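*Asks:* here's my sequence, what's the structure:
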Amino acid sequence: MSSGRAGEQAPPAAAAGAGRLLGRGYQGAVYLRERNGKPVIVKVPIGRGPARAARRAMLRREYRVYQRLAGIPGVPRCEGLAQGEQLLLEYVQGPSLREVELTGAARERFFDELLRLIRAMHAAGVAHGDLKRKDNILVGPDGTPYLIDFGTALTIEQRASAPRRWLFRQLRRIDINAWVKLKYQRHMPAMNAADALLYRPTLPERIARPLRRAWRTVTMRRTRKSRRQAP
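*Replies:* Numbers count the residues shown, from 1 in each chain. The predicted model follows:
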């Protein structure tokens, strides 16, 4: 999780003996602790008043998402919801997809397994919605993919309303499109025929694309990035 707002503190119960702080984000703070002799990830709400209550509700919602995904290989095991607000998750040792460069057969195998994992998640009635962020995909010790951070995920029930079913289909499509973009690193002309059939941008994605390009031009983002990478 990324850095939180200045002045926001983790709750005293979490701060005392919390282990190592890994980061802060829109949901709260993330710690690496030891529990029952093994490492565990702990997500706790931060802030006060309505902000803290909203984050607590988000973590409870994410807990329910993990319950629905229980048993799917590639989804960290949920260890419970302590004190009604601290989400406990299996610790997966490995870098995020942002931090590692996969090549050759290992890369092909990783993305094949990642697609199967995404489809299994969808079959369980969960759409992630934010797989474009490489930080939400981990590369496990054996080179297998793991999905994390279901804070913005959407679930679907059998009797869901028509608008919710439509939104679920959109997020499900966005998940698959994200897989294609990550696999080809946005070099879409290099797609093979099978993957080309999977890539179908949604209306929000088609609208957002020119806006992102315009923003990068105005902010000279690529120019600044090239300067930072220059020796």
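
*Asks:* Glu34 sits in which helix or strand?
*Replies:* strand 29-35 (DSSP states H and E).

*Asks:* ok, then the element right after that strand?
*Replies:* With DSSP H and E, the next secondary element past strand 29-35 is strand 38-44.

*Asks:* give the buried residues for the helix or strand following that next one.
*Replies:* Using DSSP H and E, the helix or strand that follows strand 38-44 in sequence is helix 49-68. Of all the residues in helix 49-68, those buried under the rule 16 or more other Cβ atoms under 10 Å are 52, 55-56, 58-59, 61-63, 65-66, 68. All C-beta spots, glycine's among them, are computed from the backbone N, C-alpha and C.

*Asks:* buried stuff in the strand holding Glu34?
*Replies:* 29-31, 33.

*Asks:* just for the chain, where's the confidence low?
*Replies:* Scanning the chain with the threshold set as pLDDT under 70 gives 1-18, 186, 208-216, 219-231.

*Asks:* which residues of it fall in helices?
*Replies:* With DSSP state H, the ranges of helices along the chain come out as 12-15, 49-68, 104-123, 162-184, 193-198, 203-219, 221-229.

*Asks:* between those, which one is nearest to Asp149?
*Replies:* Among these, the nearest to Asp149 by Cβ to Cβ is helix 49-68 (8.3 Å).

*Asks:* and Leu97, what does it touch?
*Replies:* With contact taken as Cβ atoms under 8 Å, 6 or more residues apart in numbering, Leu97 is in contact with 134-135, 137-139, 145, 182.

*Asks:* and Leu87, by the same measure?
*Replies:* Counting by Cβ under 8 Å, 6+ apart, the residues that Leu87 touches are 42-44, 59, 62-63, 66, 78, 81.

*Asks:* go again using 6 Å as the cut-off
*Replies:* Neighbouring residues of Leu87 by Cβ atoms under 6 Å, 6 or more residues apart in numbering: 43, 59, 63, 81.

*Asks:* how is the protein partitioned into domains?
*Replies:* 12-90, 97-200 (automatic domain parsing).

*Asks:* can you put the ones you listed in JSON lines and add distance to Arg206?
*Replies:* Output for the domains of the chain, formatted as JSON lines (distance: least, Cβ to Cβ, whole Å):
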{"stretch": "domain 12-90", "distance to Arg206": "26"}
{"stretch": "domain 97-200", "distance to Arg206": "10"}
